[in-house]
Structure formats: C-alpha cells, structure tokens
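K.L.:
A predicted structure for the sequence below; I have some questions about it.
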Amino acid sequence: MAETASGRTEEEFQDLLRRLELALEASQIGVWQHNVNDKELLWDQQMHRLYGTGLQDRKVSSDVWMKALYPEDVEKAVNDFQIALDGRGFYNSQFRIVLPSGEIRHLRSSAHFYEDHDGSPSFIGAEWDVTADVQLNRELTSQTAIAEARAVALEQSRARIEYAADHDYLTGLPNRRYFDRRLAELRKASDVETLGVLQIDLDGFKEINDKWGHAAGDATLQSAAARISAAITAGDLVARIGGDEFVAVLVNVGNAERLEAIADDILSRLRREVRFGNDMLRIGASIGVASSRSDNAGSLLAESDVALFQAKKLGRNRVEFFTPELQADLHAERRLADELRLAPMLQQIEPFYQIQVDARSRRIVGLEALARWRHPEKGLLSPVAFLKLAEEYGLTAEIDAAVLTRVLADRAAWVSQGVEPPRVAVNISGRRLADHDLIEGLQALKIPPRAIAFELVETIFLDDPDDRVLANIDGIKQMGIDIEIDDFGSGHASLIGLVKLKPKRLKIDRQLVTAVTVSEEQRRLVGSIVEIARALNVEVVAEGVETEEHARILADLGCDELQGYAIGYPAPENEIAALLKPAPAPGRRRSAVAGGGRATESARRRSDRN
Ligand code: C2E
Ligand code: CA
Ligand code: CA
C-alpha cells in the first residue's frame, strides 16, 4: 500500500487517502489487514459494521472472524485463505457469517498477499456485503428454473399440438398434411431410389356407417389402418387422407411384381371381416398403384388416383396400376364430363320420343322421353355415350331436369299447334329422386295432372329406402304425376317394389319381352306378372317390342301397352308432332305403326343411334 503512494507529495497522499476513505465509506466496503503469524487482524469501522461486532478496536483476534463464520462455510473460507497463502497470491472468497443478532450475511472477500516490513506473510483486503446479490441471484436462478420448466411444458404441448395437427385422431395414422410433407422429403432423400404409391379406398364403408352406425364405421377404419400398417415395412409410410381413403408409400420396393404383391396382400387383409361386438362386418377395397424413380415422382399421387378411379370403375375390390393410356382416357373423360356439366345450360340436352300404344287398338297413349345430347362436335349422342359418365360425375339429376323442361316446352308447343299430347314418361335417376328440392322445383313447373309420368328403376327405391325418397315419391303422386317402375323383372325383388311403391304402371324389361317368342316358360312368366299387376291395379307396359310377333303375343298375354322398335323408334320432337297431328280418322294409328315396324335399318340408325 505504501508503494502506491510513492512519488507523491505528502499533501497529495493525504488527499488521496481522504478520497479513498470517502469512497470506501460510500461503498460500504470494509478494509482489513492480516498478519498471518500474529493471528491478528486490523479492521476498519466498516468491517465492524459488516460483522455487527458493536466494537471500535482496530485490532481484532482472528478468532473473531472464525467464530463469525457460518458453520457450514468455515471449511471453505479457511481453505480459500490457505490456498492464497500457499500461493502467496490473491485471495478471493465468498462465505456467510452469522451476526450476533442471528442474521445471516453473505460476504465477498478479496485480498492481496504481501510481506510485512519484518518479512511475515500478510494480506490486505476488502470485504463487502453481497447478501442482496446472492438473494437476487437465487431469485434469478429460481426464475430461470421456472422459465425453463415452462419452456419444457410449452415444448411438450407444442409437440402434442404438432402431433395432433399431423395425425388422424381416430386411427393414429399421419394425416394428409403430414403425408404431403413426408412424401416431399422422400422424393428428395438421397437413399430413396424408387417410390410406389398405393391409394386405397374402402368399398362398402358408407353402407357400414349407414347400417351399423358410426361406432362400427370407426372400428372399421381403425382395423383398416392397422391392417394396412401391418402389410408394409418400417421405412414405408401410410396415412389416412380422407374419410375412407388411405395411402401407402413404399420406399425402394424395386420391381412392379413386388409392388403388386404388397397391394394384393393389403387387399386380402382388408377383405377379412372386421369384428364389431358380436357382429362381423364385411368390407373390401379398391387400390390404385403408381410407381416411379424418386426424382421423377412429381405426379405419383395423381397417377395412383387415376389408377384408383379405374379400379372402382372396373367393379371395385381390385388392384389397378397406372398406365399412360389410362391417363389419356381419363383426360378425355374429364373433358367430356366438363362439357356434359354445361350441356343442360347450353340446351344441348333434348328428348327423343318413343311412342307407346294401346296393345289392342294400337292408338298412341303415351310417349317415353329419352335423353339425347346434341354435342357440338360429336353430334347426337344417346345415353350409352354419356349416362355412365353422368352418374360417375353426379350429373344425372341435371340431365333429368333438362329433359323434363324440354318435354314440357314441347307439350306446350304441341298444344298450341292444336294437338292434344298424350302422357309423357320421363326417366328419373336415384340422385334426382333423393333431391331435397325436387318437389319444390316440380311445383314451380306447373305440370298439368296426368301429363307426366316418372319412370324409376326399383333399385333406386329398394337400395336406399330413404325417408326423403319416400316423401318425394308421395309428393310426386300428389302432383298428379304417375310413378312407373322401369325395367321390371330385370333381376331385382320386383314384387316388393310393386307393393311398396304402388306405381301406376310397370314396364316389363326388354330381356323378358324378347324371350316370349321362343320360350313357353318366359311367356308364362310374363303372364303371371300381368296377373299380379292386375290384382294390384297396376297397368303393364311391354318395352323392347321388336317384332309384330312380339306385339301380338304380348297383347294376348294381357299387356296394356306396347313400346319398342316394332311400334316406333325414338324420334325428335318434330317427327313426333307429325304423328300426333289429328289426321282424318284411321291415319293416326297407321302412321304410328309406320314409324316403327317397317322402318328400315338406315332409318333406325338415323333416328335412334346417331
Ligand atoms: P330405358 O329407360 O329402358 O329406355 C329404353 C331404351 O331402350 C332406350 O334406349 C330405347 O331407345 C331403347 N329401345 C326402345 N325400343 C327398343 C327395342 O325395341 N329394342 C331395343 N333393343 N331397344 C329399344 P336409349 O334411348 O339409348 O336409353 C337408354 C337408357 O338410358 C334408358 O333405358 C334409360 O335407362 C336411360 N335414359 C334415357 N333417357 C334418360 C333420362 O332422361 N334420364 C335418365 N336418368 N336416364 C335416361
Ligand atoms: Ca325408361
Ligand atoms: Ca326400360
């Protein structure tokens, strides 16, 4: 300490000392000196204040310090001092002391080794109260711990939220979001050479849901998820991407045979019954497969979708592979569907009419309106060319409605030409029959009673005996529109339909009709249908009457009305209007027959097939 002041005047030194004292006073730092051999300490006032001794003496026994130490800290404090002494260097320590009042104080002590004038080892040091710092520190530490714990909890819930966002709650499988991300990763991964994508759609799932309830539907989905997962290996990916749609991505499967084997395996697993309580549920699946090198996998999902579409189209419960031809077909089909969607609005849908005659008098008693699509490039298309497409894309209801609108317009035109039009039968699809707004829409059309009949195939009714369908059928009848069962006897539970639907008339299917000329048994069958219909007060129309012989036999068997090429081909409005014109006496009947039976092959093509 003496050295620090060397080179200064006494005055300067005193001044410096005063300022130092002031600074120490202000900072509440105690200053001590310790001659190790003497076991004696020199304390300033602040040291006494720090230790709360209540004394003033400059000299203090080192025992005073030792005794003040907090018992647990003695060892460390003494040890720190010993190390400094051994090294004849800096002393640095922190320890607790117990004040006479019992208060505990944290002190930081810092000192410097020097040799006394007689050579004995000494320290000069400073000590200050760090209790507040320690407390603050402790506080901070505990705050940090709390913050850390909070961060951990936050991370856990984030992970949970993330998992939930990425997984399907029901099956635990990754969902669409996660799937898209993983597929993108797989496509970039350097160790992935080929990717195979299987799109799996459960067949019959809706029926299970409808018939057995949602719990059964859930059980089915869970079982499907487990079965698909069991059929793939660890590096592969399976996800649920829609209600009953799953997709599996197979990594590095290699050849198409392997891929097909796995797809077949999944299919056979899914075909096994699912236990639900005491019941066994049966489902199936359609699977579309696409594969490629991973660097070329951009459209795999779309391709497997095309293949899946094909699998469903070919009757479901099967595996189909993507091919470029399929893609082209699908493109063409989608374009046609897009055009068909617009066709009703563009007035491209129009009815052709086929006459129905009284089996005995051969007078025209009705017409069946048959949809035609006047395609701007392809020409006139008949239902074979577009009806299946319409069903696949859900467009039948609009087509039915367009036909009906045109039929009503044609009728109105005929009336204004002085013709009394017969009843017109229009075909109605299941989709339209289940439409909420059907009755309201029909009411808006102001259909005259008995002017129109609706032909429906009984499968519509029997497959889906929906309350809405029932209500709509009632509404239709109340409006004075007849209900007819189309294609009667074509293989469905015909009698149930008859009793339940109470139709105005039934139309015996063409297949039954065709056979009456060659089979006695078929004649008897038609005969008994007629009998039952009579008993139920239902009229019978024979359709597909192709020859005069058919017409005669069917009339003999008791059919009320006849329809078919022998009677007349489907024809456009103007040709039919000509047939309906009130002509002098017997002309009417003759023209009707002339339109059909004697029509040449070319005439037939012109009016029906083009
Ligand atoms: P469908 O209701 O059974 O109509 C009778 C079909 O048989 C018509 O075919 C008709 O041209 C044809 N046909 C008539 N007489 C004979 C005959 O003597 N021999 C043979 N072999 N065939 C005959 P088209 O017009 O091609 O219609 C086919 C089917 O398309 C219809 O069968 C009907 O199910 C459906 N369809 C037609 N128009 C509509 C419609 O507006 N809406 C709905 N939903 N379906 C329609
Ligand atoms: Ca029909
Ligand atoms: Ca029919």
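P.N.:
Nice, I can see it. Ligands and ions are numbered 1, 2, ... in the order given.
K.L.:
buried stuff in the longest helix along the chain?
P.N.:
Criterion DSSP state H: the longest helix present in the chain is helix 131-166. By neighbour count on 16 or more other CB atoms under 10 Å, the buried set for helix 131-166 is 134, 166. Every C-beta, even on glycine, is put in place using the N, C-alpha and C of the backbone.
K.L.:
just stretch 347-362 next, same as before
P.N.:
Buried residues in stretch 347-362, counted by 16+ other CB under 10 Å: 348-357, 359, 362.
K.L.:
Does ligand 2 have contacts with it?
P.N.:
No: if you take CB under 5 Å from the ion as the test, stretch 347-362 misses ligand 2, and the best it gets is 9.2 Å.
K.L.:
that's a helix at Cys37, yeah?
P.N.:
Actually, residue 37 is Asn. It isn't Cys. No: applying DSSP: H, G, I helix; E, B strand; the rest coil, one finds Asn37 to be coil, outside a helix.
K.L.:
So it versus Pro121, what's the distance?
P.N.:
Distance, Asn37 to Pro121, using CB to CB, to the nearest Å: 7 Å.
K.L.:
neighbour count winner among these two?
P.N.:
Neighbour totals were compared for Asn37 and Pro121, and Pro121 leads with 15 against 11 (other CB atoms under 10 Å).
K.L.:
check contacts around that one.
P.N.:
Residues in contact with Pro121 (CB atoms under 8 Å, 6 or more residues apart in numbering) are 35-37, 85, 88, 113, 115.
K.L.:
likewise Ala328?
P.N.:
Not one residue lies near Ala328 by CB under 8 Å, 6+ apart.
K.L.:
Could you look up the SS state of Cys118?
P.N.:
In this structure residue 118 is Asp, not Cys. What three-state DSSP gives for Asp118 is coil.
K.L.:
what pLDDT does it get?
P.N.:
In this model, Asp118 is scored at 85, pLDDT.
K.L.:
got a markdown table for the contacts of Pro121, with pLDDT too?
P.N.:
Listed next are these as a markdown table, based on pLDDT from 0 to 100:
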| residue | pLDDT |
| --- | --- |
| Asn35 | 89 |
| Val36 | 88 |
| Asn37 | 88 |
| Leu85 | 93 |
| Arg88 | 92 |
| Phe113 | 93 |
| Glu115 | 91 |
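K.L.:
Buried ones among these?
P.N.:
For these, buried by 16+ other CB under 10 Å: 35, 113.
K.L.:
and the end-to-end length of stretch 111-129?
P.N.:
For stretch 111-129, the first-to-last residue distance is 15 Å (CA to CA, to the nearest Å).
K.L.:
If we go by neighbour counts, what in that stretch is buried?
P.N.:
111, 113, 122-123, 125-129.
K.L.:
which among the buried residues of stretch 347-362 gets closest to ligand 3?
P.N.:
For those, the closest approach to ligand 3 (CB to the ion) belongs to Gln354, at 10.3 Å.
K.L.:
what sits opposite the residue of the stretch 301-450 of the chain found nearest ligand 2 in the beta ladder?
P.N.:
Ligand 2 sits closest to Asn427 of the stretch 301-450 of the chain, with a gap of 4.6 Å, by CB to the ion. Beta-bridge pairing for Asn427 (DSSP bridges): Glu455.
K.L.:
Need phi/psi at the residue nearest the centre of the chain.
P.N.:
Central residue of the chain (CA atoms, centre = their mean): Gly242, 3.2 Å from the mean position. Reported as degrees, to the nearest 10, the phi and psi values for Gly242 are phi -170, psi -180.
K.L.:
beta partners of it?
P.N.:
Applying DSSP bridges, one finds that Gly242 bridges with Glu245.
K.L.:
Once you drop chain neighbours, what's closest to Gln443?
P.N.:
Met479 (7.0 Å; CB to CB, 6 or more residues apart in numbering).
K.L.:
tell me which element the residue in the stretch 51-200 of the chain that ligand 2 sits nearest to falls in.
P.N.:
Nearest to ligand 2, among the residues of the stretch 51-200 of the chain, is Gln199, at 36.0 Å (CB to the ion). Secondary structure from DSSP states H and E places Gln199 in strand 194-203.
K.L.:
Pull the distance from the helix or strand that that strand is followed by to the chain's centre.
P.N.:
Following strand 194-203 in sequence order, the next helix or strand is helix 205-212 (DSSP H and E). When C-alpha coordinates are averaged (CA atoms, centre = their mean, to the nearest Å), helix 205-212 and its chain have centres 18 Å apart.
K.L.:
Assumed Val238 was part of a strand.
P.N.:
Yes: Val238 forms part of a strand when assessed by three-state DSSP.
K.L.:
Quick one, grab the pLDDT at Arg363.
P.N.:
Listed pLDDT for Arg363 reads 96.
K.L.:
Distance-wise, check it relative to Trp32.
P.N.:
Taking CB to CB, one finds Arg363 at 135 Å from Trp32.
K.L.:
And the closest residue to ligand 1 within the stretch 151-300 of the chain, what's its pLDDT?
P.N.:
Nearest residue of the stretch 151-300 of the chain to ligand 1, counting by CB to the nearest ligand atom: Lys206, 21.6 Å away. Looking at Lys206, its pLDDT reads 90.
K.L.:
ok, now which ones touch it?
P.N.:
Applying CB under 8 Å, 6+ apart to Lys206 gives the contacts Asp244.
K.L.:
do the same with Gln563
P.N.:
Neighbour list for Gln563: 354-357, 366, 368, 507, 541-545 [criterion: CB under 8 Å, 6+ apart].
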